[in-house]
Every structure is written in C-alpha cells, then in structure tokens.
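S.K.: Fold the stuff below for me.
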Amino acid sequence: MYTSRMETNGYWKRLSAMVAPPEGTWLYQDAHYLVADVEIDPAAARRWTPWPLRPVSPAIATVFTAFFPTNTFGSVYREAGVFLHVEHRGTRAIHCPWMIVDDDVALIVGRELLGYPKKLGEIAWKHEADRVLSVASRRGVELIRMEGTLDEVVRDAPPILGRPHRNVRASMGVAVPWLLSFTPREEPIEVRRARLDVRVTGSERDPLHELACGDVRAAFLHRVNLGRSAVSALPRPIGIASPRHYLRNLLMRVH
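M.R.: Have a look, this model is predicted:
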C-alpha cells in the first residue's frame, strides 16, 4: 500500500508525541496513584528480583493502583502493579515484576518501550471527597483491594514514579533480557496521606500471594504530572538481566 510523505510525517509526529514529547510537555497530566508501602517476604523478594538487582533490607514493595485521565496518546485508563525496592550498583531503585492495565495502547507502549510487564486486567477506581476505593482483578480473581480515607496534604512525600527504574525488556523466543534504566520526570500537584486497608491475594496466573504482603507502613494518594527524563527521552539498556530469572518468571508476564 502506498503511503504519502505527508502521512509518514504525521505518523512520526504522533509517535514522537506519545513516547518523547518536547521538553516541557507532560506525557501524563494529573495522574492519580494510590500507593502503599508494605514489607514482604525476603525469600520471595529474592525470587522476584532479577540479578544483578538486589532487594533492599528489610524487603519492601510498593503496591499501587492508578487512574490516568489525560495523556498524550488519548487513552483514559486505569492500572495496578507492584514495585520492588532494589539496589543496583549503589543506587536505590524500583523494579516492576507485575502490572495490569485496562487499555491496550497503554499496555503496548509501557511493555515494549519501558519494560513494564503489563497484562490486561480490570481495575475499578472510585474517589469521592475523602474516601477512595480501588479494586484490581484479572480473569475473575480479585488481586488487589485498596480502600480507606485521605488525611492531610504532605509537602515532603517521596516521589511515586520519579525514581530510578530498573526494568527488564525482552521478546519471547531466543532474546537477550536487557536491564533498562530510566527515571521519569515527576511534578507533584498534591500528595495526601492515606489510611488504607490493603488486601493482596493471588492466583495461579498472578501469584501475588507469594510476596506475603504485611502491614501498611505508609500510604498516599499522589496526583502528579509525568514526563520524560531530562537526561534521555528513552530508557537505555545498561546490561543483561539474568536469563534464568527471566525464563522462570516468563509465565507470570504472559500467562
């Protein structure tokens, strides 16, 4: 099929706007993240963390659900996932071993470009005044439920996404699992402390119960703008992640 130069230029402009917008342009505006930091089983943290990353001690995970009302690719969608707190060459970072979304465009962009192991799922999001409820399910199984109330605005809360990331990207088949490094740019709009009841369960396809999530140590509702890193528009490979770990956890990424 013939494609005109004008159509081709339009394609590349749209693609650039999605993954690497101009400096000062936000990829996401007013993104909502409901997050809870919980202690997890150290042995499970080691199983879920690919070499050369190491879980911090005590082993910590950030469980979250999110709502994205405005972004550069035109999807209004919801998301849920887990960030493991890790160390890599003296740098504290986060690694995402599991994530679901309810939008196919967000799935493809996040998985193929940034190494988030996204799968399709169902996420309900309800925020009215000081009450918040979010439920993440997949294939008829409730996996994450976060419910509670919002308290005071916090001025010095740690960022939610604007932290060093260490994700793994590879295609199925004979492929090298690359360790990716990137740090999104984050601008807080408002962060409120939350009192949350957090329940994490699992299934054969999504075995989150293996993490044995403990009591909530800290919880917040973040509203933030998100953009590309000031250092690099795209994530960069910085080494090879453990192929054995990648294969062992492959079914959790695609099952």
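
S.K.: Low-confidence ranges, this structure, go.
M.R.: Applying pLDDT under 70 to the chain flags the ranges 1-24, 172-174, 229-233, 255.

S.K.: so where do the helices sit in it?
M.R.: 5-19, 42-48, 104-114, 243-248, 250-254 (DSSP state H).

S.K.: I'd like to know which elements the third one is packed against.
M.R.: Yep, that's helix 104-114 we're talking about. Helix 104-114 sits against helix 5-19, strand 91-101, strand 118-120, strand 165-169, with contacts defined as 3 or more C-beta pairs under 8 Å, 6 or more residues apart in numbering; DSSP states H and E. Backbone N, C-alpha and C define where each C-beta goes, glycine included.

S.K.: cool, and the shortest one?
M.R.: Packed against helix 250-254, as judged by 3+ C-beta pairs under 8 Å, 6+ apart, are no other helices or strands.

S.K.: mind redoing it with 10 Å?
M.R.: Contact analysis of helix 250-254 by 3 or more C-beta pairs under 10 Å, 6 or more residues apart in numbering; DSSP states H and E lists strand 91-101, strand 118-120 as its packing neighbours.

S.K.: Most tightly packed of those strands?
M.R.: Comparing the helices and strands packed on helix 250-254 by mean neighbour count (mean count of other C-beta atoms under 10 Å), strand 91-101 comes out on top with a mean of 21.

S.K.: Now do the strands in the stretch 151-255 of the chain.
M.R.: Secondary structure of the stretch 151-255 of the chain, counting by DSSP state E, counting those that start in this stretch: strands at 165-169, 178-182, 185-200, 216-227, 236-240.

S.K.: CSV for those strands, including distance to residue 157?
M.R.: Shown next, in CSV, are these (distance: least, C-beta to C-beta, whole Å):
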stretch, distance to residue 157
strand 165-169, 18
strand 178-182, 21
strand 185-200, 4
strand 216-227, 6
strand 236-240, 28
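
S.K.: and those strands, which is most packed in?
M.R.: Greatest average neighbour count among these goes to strand 165-169 (a mean of 23), per mean count of other C-beta under 10 Å.

S.K.: how about the CA coordinates for that strand, as CSV?
M.R.: The C-alpha coordinates for strand 165-169 follow below in CSV (Å, rounded to 0.1, in the frame of the first residue of the first chain):
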residue,chain,number,x,y,z
HIS,A,165,13.8,2.4,37.5
ARG,A,166,15.4,-0.9,36.6
ASN,A,167,13.1,-2.9,34.4
VAL,A,168,13.6,-5.9,32.1
ARG,A,169,12.7,-5.9,28.4
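
S.K.: just to revisit the earlier point, and residue 106, which of the strands of the stretch 151-255 of the chain is closest to it?
M.R.: strand 216-227 (12.7 Å; C-beta to C-beta).

S.K.: The closest one pairs with which strands?
M.R.: strand 28-39 (antiparallel), strand 185-200 (antiparallel) (DSSP bridges).

S.K.: Let's have these in TSV, adding distance to residue 56.
M.R.: Converted to TSV, the strands paired with strand 216-227 look like this (distance: least, C-beta to C-beta, whole Å):
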stretch	distance to residue 56
strand 28-39	11
strand 185-200	19
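
S.K.: Tell me which of those strands sits nearest to residue 156.
M.R.: Among the strands paired with strand 216-227, strand 185-200 comes nearest to residue 156, with 8.9 Å by C-beta to C-beta.

S.K.: picking that back up, for the helices and strands packed on helix 250-254, give me CSV that also has distance to residue 157.
M.R.: Compiled in CSV, the helices and strands packed on helix 250-254 are given as follows (distance: least, C-beta to C-beta, whole Å):
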stretch, distance to residue 157
strand 91-101, 15
strand 118-120, 25
